[in-house]
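Q: pasting the sequence and the predicted coordinates here, then a few questions.
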Amino acid sequence: MAILITPETKILIQGITGEFGARHTRLSLDYGTQVVAGVTPGKGGQFFEHGTHRVPIFNTVADAARATGATVSAIFVPPPFAADAILEGVDAGLAVAVAITEGIPIRDMVRVKRALQGSPTRLVGPNCPGLVTPGPGPDSHGGCRIGIAPGYIHRQGHVGVVSRSGTLTYEAVFQLTSRNIGQTTCVGIGGDPVNGTSHLDVIKLFNDDPETHGIILIGEIGGNAEVEAARWIKAHCRKPVAGFIAGATAPAGRRMGHAGAIVGGTEDTAAAKIAVFQECGIEVAITPSDMADALLRAARAKGVTLS
Amino acid sequence: MNIHEYQAKALFEKFGVPVPKGTPARSAAEFDAALASLPEGAVMVKSQIHAGGRGKGTFTNGFKGGVKFCPTKAEAKAQAAQMLGQTLVTIQTGPVGRKVQTIYFTQASDIKKEYYLAILLDRQTSRPVIVASTEGGMEIEKVAHATPEKIHKVLVDPAYGLADFQVRHLLFRLGLTGTEAKNAARLIRNLYTMYWETDAAMVEVNPLITTPAGDVLALDGKVSFDDNALFRHPEIVALRDLNEEDPKEIEAAKASLSYIALDGNIACLVNGAGLAMSTMDIIKHYGGTPANFLDVGGGATREQVVAAFKIILGDQNVRGILVNIFGGIMDCNVIAQGIVDAVKEVGLKLPLVVRLEGNNVAAGKATLAASGLPLVAGDTMADAAQKIVKLVA
């Protein structure tokens, strides 16, 4: 078991013929992911070829989903058109749309977020590395990789990872795998201020997943999503949770790379969030090198086995 | 992206948000013409910099106050001459301050009462929120802390836009009636239209005022825009003032690097925003101080690494460099070669610690070792941070 995606999940790629989308489609195919369709308006009927793979391309998401049974999409469409691509996925009734695109205007996302209300589609991202559910093979081959994360650093197992940041997630996964601790699913929710899936949404899914024995929650300065997740964990989650907040040294009012990583008031600083984590029983990683060890401490304290 | 008050006021006028009559001047030679365009009587003289706290600021030449009330035009001209070209230090500029390159003269208004009005994104609901208060002209954070009941908020549904009833509710809560209410309603609706149509990140009017004649005016204006949306607003991009930005940050943006200067002495070069932030944090944790935030992005090239080194070394405070790369997809060996080339090109004399991890890392470490450069390898983030802190101390 895993959350949101399994090695059997059939995915389609919106923007499969662009350079970025094509490169990561090849890497996902190499990882053993079931990439069954691509969408590029105007290129319907062509094929995306890679090794022995021959992935059909469609003009619309609805056509691709109907013909191939794909239920999840990865969106690699450039920023001016990305919000429209998400809406097309929602309209086609996909289960999950994962928007990798960085730099989508906030106003576009405000409208998308409104359109998602009452829709069965879950949006992950935008401006995110995507999701990985590791497979059973060597270097976790045979898993489901949606997005741009390096598949090979993963290992199939029982820890869930949720984060706003890409490379910081890889850092955490690498620490886990180096200690022979595998993962159920790793979810990058993205660094933008308006996104489809929050830390809390993912924490709830991990809490309900019997295969997930422990959770690493990685956050940053800005907003109060981590605080919201921490309070819910205190009230409802019995699994060991380790947390890390990036940006303790960030100056107030400056956007630190991610559009969402900006300290606006006293509530969204790293210190304030860390204080809430501690109050909510989350084992805080002292430094980013300490994320896996912090989870091991939390697991030991609760008598939980992670592997 | 931020703009100046005089630019914000010009946008306000374009969208039908009333402001006091005003004219900017960029040189002393323009003072007379600018003042002549205003009606006789009292004038406000306002230094134009991208920072708040101007009125309580002090110039580095000792002159106090970046915003002045002047009963006559003659006095306004004299005061402006003291400000133009001088460096203004406010609570928001840091000790270095900002050079005043434009003076904005406005007609002084008769104020009946001051209010606060702002429009920004509410992150919790992912909707625009209008924030208003009867406590205008003060720091809104202090008002929110001391008297939260005096802060009124309206969330706007992006599917329908700002509804009339929402504007009415806000006006009742602010205690506005009659002509004032009518004028304020029009101002709020027009300001919202401007916020939405220009892809503003935040619009703040502090204070918004009523006059004895029943007019409602935006006495100040602070506007910032969503950088992601600038591609569809060339008219906004044209308002950008590079004098207000750090030249190193401008240089970095040209090389598609995300760079922010800080005041420490250990420079860092990292891939990914989250990892870059936490690299700064771990330097601090081990007793050092970061000189910058620098994200070379997920797919850094050799050229970007070279550009990054040049920018880092342009900071005179830097005493050592920490490179932290988690090469997930990118080849660590390509990055290693980029580092070697960059170091040779810029002739580095400072201590350099490199932590490489990920794809093809063994080859990358071999390239660094074979280069003969005096760099130090770090195994983990913690190890690398401790090493650079020690080397710089």
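A: Thanks, I have it.
Q: partners of the helix or strand harbouring B:Glu204 in the sheet?
A: If you go by DSSP states H and E, B:Glu204 is part of strand B:200-210. According to DSSP bridges, strand B:200-210 has the following sheet partners: strand B:113-122 (antiparallel), strand B:216-218 (antiparallel), strand B:222-225 (antiparallel).
Q: what mean pLDDT does that strand get?
A: The pLDDT scores in strand B:200-210 average 96.
Q: got it, and stretch B:270-277?
A: Here stretch B:270-277 scores 92 as its mean pLDDT.
Q: thinking again about what came up before, and the strands paired with strand B:200-210 as CSV, adding mean pLDDT?
A: Converted to CSV, the strands paired with strand B:200-210 look like this (pLDDT from 0 to 100):
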stretch, mean pLDDT
strand B:113-122, 95
strand B:216-218, 98
strand B:222-225, 96
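Q: what's the most buried one of those?
A: Among the strands paired with strand B:200-210, ranked by average contacts under mean count of other CB atoms under 10 Å in any protein chain shown, first place goes to strand B:216-218 (a mean of 22). C-beta coordinates here come from the backbone N, C-alpha and C atoms, glycine included.
Q: list of residues touching that strand?
A: Contact partners of strand B:216-218, identified using CB atoms under 8 Å, 6 or more residues apart in numbering or on different chains, comprise B:9, B:12, B:17-20, B:109, B:117, B:180, B:183-184, B:187, B:191, B:205, B:208-211.
Q: let's see it at 10 Å
A: Strand B:216-218 is contacted from outside by B:5, B:8-9, B:12-13, B:17-20, B:109, B:111-112, B:115, B:117, B:176, B:179-188, B:191, B:203-211, using CB atoms under 10 Å, 6 or more residues apart in numbering or on different chains.
Q: circling back to that earlier point, quick one: which of the strands paired with strand B:200-210 is nearest B:Ala163?
A: Smallest distance to B:Ala163 across the strands paired with strand B:200-210 (CB to CB): 14.7 Å, for strand B:113-122.
Q: about what we covered before: distance to B:Met277 added to the strands paired with strand B:200-210, as a markdown table?
A: Shown next, in a markdown table, are those (distance: least, CB to CB, whole Å):
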| stretch | distance to B:Met277 |
| --- | --- |
| strand B:113-122 | 21 |
| strand B:216-218 | 36 |
| strand B:222-225 | 21 |
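Q: in what helix or strand does the closest residue to chain A within the stretch 251-393 of chain B lie?
A: Closest contact between the stretch 251-393 of chain B and chain A, by CB to the nearest CB, is at B:Gly274 (2.2 Å). Assigning secondary structure by DSSP H and E places B:Gly274 in helix B:273-285.
Q: output that helix as CSV, restricted to C-alpha atoms.
A: Only the C-alpha atoms of helix B:273-285 are listed here, as CSV (Å, rounded to 0.1, in the frame of the first residue of the first chain):
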residue,chain,number,x,y,z
ALA,B,273,15.3,26.7,-2.6
GLY,B,274,14.5,24.5,0.4
LEU,B,275,18.0,23.1,0.5
ALA,B,276,19.5,26.6,0.0
MET,B,277,17.5,28.0,3.0
SER,B,278,18.5,25.0,5.2
THR,B,279,22.1,25.3,4.2
MET,B,280,22.0,28.9,5.6
ASP,B,281,20.4,27.5,8.7
ILE,B,282,23.0,24.8,9.3
ILE,B,283,25.8,27.4,8.9
LYS,B,284,24.2,29.4,11.6
HIS,B,285,23.6,26.3,13.7
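Q: my guess is A:Met109 contacts B:Asp199. True?
A: No: taking contacts as CB atoms under 10 Å, A:Met109 lies outside contact range of B:Asp199: 11.4 Å.
Q: who has more neighbours out of these two?
A: Higher neighbour count among A:Met109 and B:Asp199: A:Met109, with 29 against 20, using other CB atoms under 10 Å in any protein chain shown.
Q: that one belongs to a helix?
A: Yes: counting by DSSP: H, G, I helix; E, B strand; the rest coil, A:Met109 is found in a helix.
Q: from B:Ile325, how far out is it?
A: According to CB to CB, to the nearest Å, A:Met109 and B:Ile325 sit 30 Å apart.
Q: what touches both of A:Met109 and B:Asp199?
A: Contacts common to A:Met109 and B:Asp199, judged by CB under 10 Å, 6+ apart, are B:226, B:228.
Q: please read off the pLDDT at B:Ile283 from the model.
A: The model reports B:Ile283 with a pLDDT of 97.
Q: Three-state assignment for the residue in the stretch 201-307 of chain A positioned nearest to chain B, please.
A: Using CB to the nearest CB, the single residue of the stretch 201-307 of chain A nearest to chain B is A:Gly257, 2.8 Å away. Following three-state DSSP, the label given to A:Gly257 is coil.
Q: where do the strands sit along the stretch 151-300 of chain A?
A: A:156-163, A:183-188, A:214-220, A:241-246, A:283-284 (DSSP state E, counting those that start in this stretch).
Q: for those, give me TSV that also has distance to A:Ala70, mean neighbour count and mean pLDDT.
A: TSV is the format used below for the strands of the stretch 151-300 of chain A (distance: least, CB to CB, whole Å; neighbours: other CB atoms under 10 Å in any protein chain shown; pLDDT from 0 to 100):
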stretch	distance to A:Ala70	mean neighbour count	mean pLDDT
strand A:156-163	23	26	98
strand A:183-188	19	28	98
strand A:214-220	29	28	97
strand A:241-246	33	28	97
strand A:283-284	39	22	98
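Q: and the residue of the stretch 51-200 of chain A closest to chain B?
A: Closest point on the stretch 51-200 of chain A to chain B, by CB to the nearest CB, is A:Ser165, at 2.2 Å.
Q: does the residue of the stretch 251-393 of chain B closest to chain A touch A:Cys128 like I think?
A: No: with contact defined as CB under 10 Å, B:Gly274 does not count as touching A:Cys128 (11.1 Å).
Q: okay, and the common contacts of the two?
A: Both B:Gly274 and A:Cys128 are contacted by A:163-166, A:169, A:188, A:191, under the criterion CB under 10 Å, 6+ apart.
Q: identify the farthest-apart pair in these.
A: A:Thr169 and A:Gly191 (11.1 Å).
Q: who touches both of the two?
A: A:128-129, A:163, B:272, B:274.
Q: contacting residues for A:Glu211?
A: A:Glu211 makes contact with A:1-3, A:156-160, A:184-185, according to CB under 10 Å, 6+ apart.
Q: ditto for B:Gly97
A: Per CB under 10 Å, 6+ apart, neighbours of B:Gly97: B:49, B:51, B:57-60, B:66, B:86-90.
Q: among those residues, who's most crowded?
A: B:Gly66 (28 neighbours).
Q: gap between that residue and B:Tyr104?
A: B:Gly66 is 11 Å from B:Tyr104, by CB to CB.
Q: and for those two, which residues touch both?
A: With CB under 10 Å, 6+ apart, B:Gly66 and B:Tyr104 have common neighbours B:45-48.
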